[in-house]
Every structure is written in C-alpha cells, then in structure tokens.
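1. turn this into a structure:
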Amino acid sequence: MDAGAKAFFYALSRSGTLKRLASRYGMRSRESFARRFIAGETIDEAIETSRSIQQGLHLTLDYLGESVRTVEEADAATREYVRLLDVIVKAGIERNISLKLTQLGAGIDRATCVDNLRRILEPAGRHDFFVRIDMEDSAWTQMTLDVFETLWQQDYRNIGIALQAALHRTEQDVRRMNELGARVRLVKGAYKEPQDVAYQRKSDVDAAFVRLMQLLLDSGIYPAIATHDPPMIEATWSHARRNGIGKDRFEFQMLYGIRRDLQGTLVADGYRVRLYIPFGREWFPYFMRRLGERPANLGFVVRGILREQ
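-> Now for the predicted structure:
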C-alpha cells in the first residue's frame, strides 16, 4: 500500500459520519460487510467465531477500542478485559489476548494506564494467559514501551509487545526487547506517519521488515512475524532454513478474514500460525485501517452497504 492510500483511509477512519453509517449496516447480519474482518460486537460472538477457526490455527482475541478520554471509560474497558479472561477460561479456548494502551487510559496519565494494565495482568497470570500490547501511532510509541518496561521490571513475564517496521526507530527497539528477552510481534505498521518518523515507500518498509525479522529470528525470543505478504513470508522461512532456526522458534501471525488460503498452506507446511481476532462495538477505526492496507476491499464494502439498504 502506498502512503497516499494509507493517508486516505486514515482520514476516513476518523470520520464520525462514516462511523455512524458503518455502525448501522456493518454488523446487521452474519453476511454484513464488516463481518469479513470483525468477529462481532460482543464477547460471545468472538468466542463463537474462535470455535469455528480452522483446526491447527492459534488465536489471540482483541477487544477493540482506543483513545478513551475519561478515567471512567478506561476503567470500563479494563473491567471488560477482565471479564473477557473469565469468559475465555470458561469457554476453553486458547488463552491469548491483545490490547491497546490508549484504551486503558494512556491518554489520561501514565499511572492510570499502568494500574489498569496491572489489573488485567494479575488475573491473566493466574490463568496462564499471554497478553500482547499492540502498538499505536508513533505519538504513543515511547509511552507504550515505557509502560511495557515498567511492568516487565515488576516481573510480569506474561506480556509481549508489537513493533512497527515502518518506523525509523524500530531497530533500536527490537534490540532492546531482545536484550530484555521479551517477545515481539513484528508488523509493518498501519498508521499514517510523517517522513521524519517513518519510511514512506513500500519498498523501504519491506526492506526494514526483512532486516528486523532477521534480527528477531537470530536473537529474539519466539518472535511473531505478522504479515500477509508472500515475499515477506518467503524471506522469513528462507532465513530460518538457511540458519537452522526451527519452526517451533517463531510463528506467523495474520488477521482474521485475510488470506485464509495462505493461512492453511502455512499450517500444512508445519508452521505455527496465529490469527488476530478483533471484536467489539468500536470496530470502525480498525476496519478502515484494514481497508487502507488493501484498498481493493473497498468495492466489497460498498456492495455490502448497498445490499443492506
């Protein structure tokens, strides 16, 4: 995806009018357009979707939401995540979740965010969950890493973090996480960023992704290589084979609803593949970022809206 398409869909993701329209039609039925990428709006729908996932695939659940503005909203999101842990335990599905720190109050103050994350990590640790902290746009990168290290230094080891290959700073962040022994999810990056912060050309992002993937496979702890891009996948397994890195030492990660054929092929070849399964009523910004990564999906969405009306 070029920078222009990313900027266009990023702007759309912030449109209140489009959000209201999408909310009206996007989840109306099982065939509604957003259901292709979103597991539903409720925890129960997410659990049902998780149980339908192809055998051999792993999963992580993500309760969508970001940029809350009040302590009360952050508290509500935290309580919903704690409830999600209980539901997952009772459902008997894999104990793996992802979350964003702005959903837990990072935009209010760091202390609130740390306290709320700790409220999730405590029961997560008791029930043997792994918790991945997603990375947001570059305005939050340093705080996200600071909060992660604060909890890591307090001996929470059931956490990992996502890092974005598009950012110029990410190599030093990968090296720091490798030094700590923390698990990294490497993504390209779905946010519109200025050129002094991030690579603008796809070829430069791809080259950075390959360099960082190699660094993680060589020196990291069970890295997650998150991509649907066949050349990036081929670069990963080629590097692993050349250097005797076993298939049990890393995993591929993909998004729910995207490249199911490729997911199945990798599983059949003996690779570990984890699906990122998003759900929740605040699905619109996430959904638009997915369209920005593959603008060809826009026609599918427009047809879906017209069918629903």
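
2. double-check that residue 114 belongs to a strand.
-> No - residue state for residue 114 (DSSP: H, G, I helix; E, B strand; the rest coil) corresponds to helix; a strand is not indicated.

3. helices or strands up against the strand or helix carrying residue 209?
-> Secondary structure here is read from DSSP states H and E; on that basis residue 209 sits in helix 202-219. Packing partners of helix 202-219 (3 or more C-beta pairs under 8 Å, 6 or more residues apart in numbering; DSSP states H and E): helix 170-180, strand 183-187, helix 230-242. The C-beta positions use only the backbone N, C-alpha and C, and glycine is treated the same way.

4. tell me where the model's unsure across the stretch 1-150 of the chain.
-> Per-residue confidence of the stretch 1-150 of the chain (counting by pLDDT under 70) places the weak regions at 1-33.

5. how about 50 then?
-> When residues are selected by pLDDT under 50, those of the stretch 1-150 of the chain lie in 1, 9, 13.

6. hang on, the earlier thing: what is the mean pLDDT for the helix or strand just after the helix holding residue 209?
-> Along the chain past helix 202-219, the next helix or strand (assigned with DSSP H and E) turns out to be strand 224-226. For strand 224-226, mean pLDDT rounds to 98.

7. and for stretch 240-260?
-> Mean pLDDT, taken over the full extent of stretch 240-260, equals 95.

8. and the contacts of it?
-> The set of residues external to stretch 240-260 that reach it, using C-beta atoms under 8 Å, 6 or more residues apart in numbering, is 36-39, 49, 54, 58, 60, 185, 216-218, 222-228, 233, 236, 239, 262-263, 266, 270-278, 290, 294.

9. could you list the residues in contact with the longest helix belonging to the chain?
-> Under DSSP state H, the helix in the chain containing the largest number of residues is helix 71-91. With contacts defined as C-beta under 8 Å, 6+ apart, helix 71-91 is touched by 43-44, 47, 50-51, 61, 63, 65, 68, 94-95, 97, 99, 103-105, 108, 112-113, 116, 119-120, 123-124, 127, 129.

10. list the buried residues of that helix.
-> Burial within helix 71-91, assessed by neighbour count using 16 or more other C-beta atoms under 10 Å, is assigned to 73-75, 77-78, 81, 84-85, 88.

11. just the C-alphas of that helix, formatted as PDB.
-> As requested, the backbone C-alpha atoms of helix 71-91 are provided in PDB (Å, rounded to 0.1, in the frame of the first residue of the first chain):
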ATOM      1  CA  VAL A  71     -11.000   7.600  33.800                       C
ATOM      2  CA  GLU A  72     -14.400   6.000  33.800                       C
ATOM      3  CA  GLU A  73     -14.100   4.800  30.200                       C
ATOM      4  CA  ALA A  74     -10.600   3.400  30.900                       C
ATOM      5  CA  ASP A  75     -12.000   1.600  33.900                       C
ATOM      6  CA  ALA A  76     -14.900   0.200  31.900                       C
ATOM      7  CA  ALA A  77     -12.500  -1.100  29.200                       C
ATOM      8  CA  THR A  78     -10.300  -2.700  31.900                       C
ATOM      9  CA  ARG A  79     -13.300  -4.400  33.600                       C
ATOM     10  CA  GLU A  80     -14.400  -5.700  30.200                       C
ATOM     11  CA  TYR A  81     -10.900  -7.200  29.600                       C
ATOM     12  CA  VAL A  82     -11.000  -8.900  33.000                       C
ATOM     13  CA  ARG A  83     -14.400 -10.300  32.100                       C
ATOM     14  CA  LEU A  84     -13.000 -11.500  28.800                       C
ATOM     15  CA  LEU A  85     -10.400 -13.500  30.700                       C
ATOM     16  CA  ASP A  86     -13.100 -15.300  32.700                       C
ATOM     17  CA  VAL A  87     -15.200 -16.000  29.500                       C
ATOM     18  CA  ILE A  88     -12.200 -17.400  27.700                       C
ATOM     19  CA  VAL A  89     -11.300 -19.700  30.600                       C
ATOM     20  CA  LYS A  90     -14.900 -21.000  30.800                       C
ATOM     21  CA  ALA A  91     -15.000 -21.400  27.000                       C
END
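
12. after it comes which helix or strand?
-> Next along from helix 71-91, by DSSP H and E: strand 96-99.

13. direction included, what does that next one pair up with?
-> When sheet partners are counted by DSSP bridges, strand 96-99 sits next to strand 58-63 (parallel), strand 130-133 (parallel).
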